[in-house]
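Enquirer: Requesting a structural model of the entry that follows:
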Amino acid sequence: MNTDVKFRRSSLTWLLYGMLGWYAYAQGAMTPLMPLLRLDLDLSFTLSSLHPAAFALGMITVGLTGERVINRFGMRAALWGGSFGMVVGILLLVSGTVITATVTGAYLMGVLGTLAMIGVQTSLVLLHGRIASVAITEANIIGSLTAAMVPLAIGFLEGSGSNWRWALLILVALWLAFFALQQGAPLPSAPPLKRGAEGKLPFPVRLYLLIIFIAGGVEWGGWLFAADYLIVRVGLDIAAAASMVALFPLGAVTGRVILSRLLRRQTPQRLLPYTMLCVFVGFPLFYVPSTLPLQGVGLFLMGLGAAGFFPLAVATVTLTAGSLVSQASSRVPIASGMAILINPLILGALADTLGLETAYLIVPLLAVITLVMILFANRLNAHALRSEQDH
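Expert: Alright, predicted model coming up:
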């Protein structure tokens, strides 16, 4: 189906983009601030890892209840109440002097920040209709850029003799600015649920959600192992490996920019398989040591495909759900939260057991599984649409 329709961004669209970028920045801070928090609170590696785990657990928690909150209290309460709760979590994280306070802050950020993001994604779908995939992808471009800014901000603050906490405290000021700007931009209302419809997402939607979880292993595997692989297999030093791995998020941003243009002419379902094809092309170039420039191309392509998958999958889930868009949006954090919580543990265990070089092969294996499931889900979805049109 051709979706070549003029895409117009309203002031509300830009505000929602900003809110998603705000959330992505906070989520992206959970990893680079851990060494500093561990030093400040004298934590072990295991205890410090509880913070990103608590954030992911918060995502899963709100995924189970998010649509009921929106149906009960409305989109405005989800977006602004949730984002205010995330501000409270941020303040707990940066001011806490004991681990119970900081982990609680991370959990609140995961729960209430993700509730706000369900409101953002649902509002973009309701605002832009069948071309909402363009808006979701553009919002994720901004999210990728803001998440990439976090380690730079933390590094700059620490290097200049300031404190890393200011990198998160700036989010409080931004929230106040967003809240002031939204006064003249009322949020769209979700369509009413049909009687007895709650809890009955179509099977293709549930299958796409499972695909998001499995594909999380492709992105996390490609990203998590890349620097270690360059050090162990290629022989780069830590600084060179870290610099080269930046090609992965660069590929992610590039891919999402390209997709934002393609989605004006193609549906997200049709583009989904090509993201895994990018991984298939990029992985061998990176995995087989030849020349560093060629491996850099491979890493770039892996980032382009693996990270480009997520906004397409989110758009597919929400657009396929029909009147259950709030419910479908709330299920996405369950899939992505489980991916963040479980995939790194599985991948790390495989690396410890089988060795890094062998464990890294799980990336193309999961990409194959993801591609097969995408093709199957697309066929089921097309069949369901034809059945609806016939009736």
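Enquirer: Give me the average confidence score over the helix or strand encompassing Gly119.
Expert: Element membership for Gly119 (DSSP states H and E) is helix 99-128. Across helix 99-128, pLDDT averages out at 90.
Enquirer: Check which helices and strands that helix is in contact with.
Expert: Counting by 3 or more Cβ pairs under 8 Å, 6 or more residues apart in numbering; DSSP states H and E, the packing neighbours recorded for helix 99-128 are helix 11-28, helix 34-41, helix 50-73, helix 75-76, helix 82-95, helix 132-159, helix 292-320, helix 325-354. Where you see a C-beta, it was placed from the backbone N, CA and C, and this is true even at glycine.
Enquirer: Ile90 - how many residues pack around it?
Expert: Using other Cβ atoms under 10 Å, Ile90 has 24 other residues around it.
Enquirer: burial measure for the closest residue to it other than its chain neighbours, as a count.
Expert: If the residues on either side of it in the chain are set aside, Ile90 comes closest to Leu168, at 5.4 Å by Cβ to Cβ, 6 or more residues apart in numbering. Residues lying near Leu168 (other Cβ under 10 Å) number 21.
Enquirer: Quick one: residues contacting Leu168.
Expert: Applying Cβ atoms under 8 Å, 6 or more residues apart in numbering, we find Leu168 in contact with 26, 29, 33, 90, 93-94.
Enquirer: likewise Ile340?
Expert: Ile340 touches 52, 55-56, 59, 216, 220, counting by Cβ under 8 Å, 6+ apart.
Enquirer: what would those residues look like in TSV with neighbour count?
Expert: Formatted as TSV, those follow (neighbours: other Cβ atoms under 10 Å):
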residue	neighbour count
Pro52	20
Phe55	28
Ala56	25
Met59	29
Gly216	25
Trp220	20
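Enquirer: quick one: which of those residues is nearest to Phe309?
Expert: Nearest to Phe309 among those, counting by Cβ to Cβ, is Gly216 at 9.3 Å.
Enquirer: and the protein, what are its domains?
Expert: Under the assignment automatic domain parsing, the domains of the chain span 9-190, 199-391.
Enquirer: before we move on, back to that, can you tell me which of the helices and strands packed on helix 99-128 is nearest to Pro204?
Expert: helix 292-320 (5.8 Å).
Enquirer: Compute the inter-axis angle for that closest one and helix 325-354.
Expert: 150 degrees (axes from the mean of the first three to the mean of the last three Cα atoms, to 10 degrees).
Enquirer: what packs against helix 292-320?
Expert: helix 99-128, helix 132-159, helix 203-224, helix 238-245, helix 247-262, helix 268-287, helix 325-354, helix 362-390.
Enquirer: So which bits of it are buried?
Expert: Neighbour counts over helix 292-320 (16 or more other Cβ atoms under 10 Å) mark 295-320 as buried.
Enquirer: distance between the helix holding Gly119 and the chain's centre?
Expert: Centroid displacement of helix 99-128 relative to its chain, using Cα atoms, centre = their mean, to the nearest Å, is 12 Å.
Enquirer: let's have the chain start at 871 instead
Expert: Okay, residue one is now 871; in that scheme the one you just asked about reads as helix 969-998.
Enquirer: Ala1254 - how many residues pack around it?
Expert: The tally of other residues near Ala1254 (other Cβ under 10 Å) stands at 15.
Enquirer: distance of it from His998?
Expert: 22 Å (Cβ to Cβ, to the nearest Å).
Enquirer: do Arg908 as well
Expert: Arg908 sits at a distance of 42 Å from His998 (criterion: Cβ to Cβ).
Enquirer: Which residues are in contact with Ala899?
Expert: By Cβ under 8 Å, 6+ apart, the contact list for Ala899 reads 1020, 1024, 1037-1038.
Enquirer: mind running it again at 10 Å?
Expert: By Cβ atoms under 10 Å, 6 or more residues apart in numbering, Ala899 lies in contact with 922, 925, 960, 963, 979, 1017, 1019-1021, 1023-1024, 1034, 1037-1038, 1041.
Enquirer: Ok, Thr1016 next?
Expert: 888, 890-898, 1023.
Enquirer: Please tell me how far it sits from Arg1249.
Expert: 36 Å.
Enquirer: In the helix holding Gly989, which of the residues would be classed as buried?
Expert: By 16+ other Cβ under 10 Å, the buried positions in helix 969-998 come out as 969, 972-998.
Enquirer: cool, stretch 935-943 as well?
Expert: By neighbour count with 16+ other Cβ under 10 Å, stretch 935-943 contains the buried residues 936-937, 939-941.
Enquirer: got the CA coordinates for it in CSV?
Expert: Extracted C-alpha coordinates of stretch 935-943, given in CSV (Å, rounded to 0.1, in the frame of the first residue of the first chain):
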residue,chain,number,x,y,z
THR,A,935,-1.3,-1.7,33.5
GLY,A,936,-0.8,1.2,31.2
GLU,A,937,-3.9,0.9,29.1
ARG,A,938,-6.1,0.7,32.2
VAL,A,939,-4.5,3.9,33.5
ILE,A,940,-5.2,5.7,30.2
ASN,A,941,-8.7,4.4,30.0
ARG,A,942,-9.4,5.4,33.6
PHE,A,943,-7.7,8.8,33.8
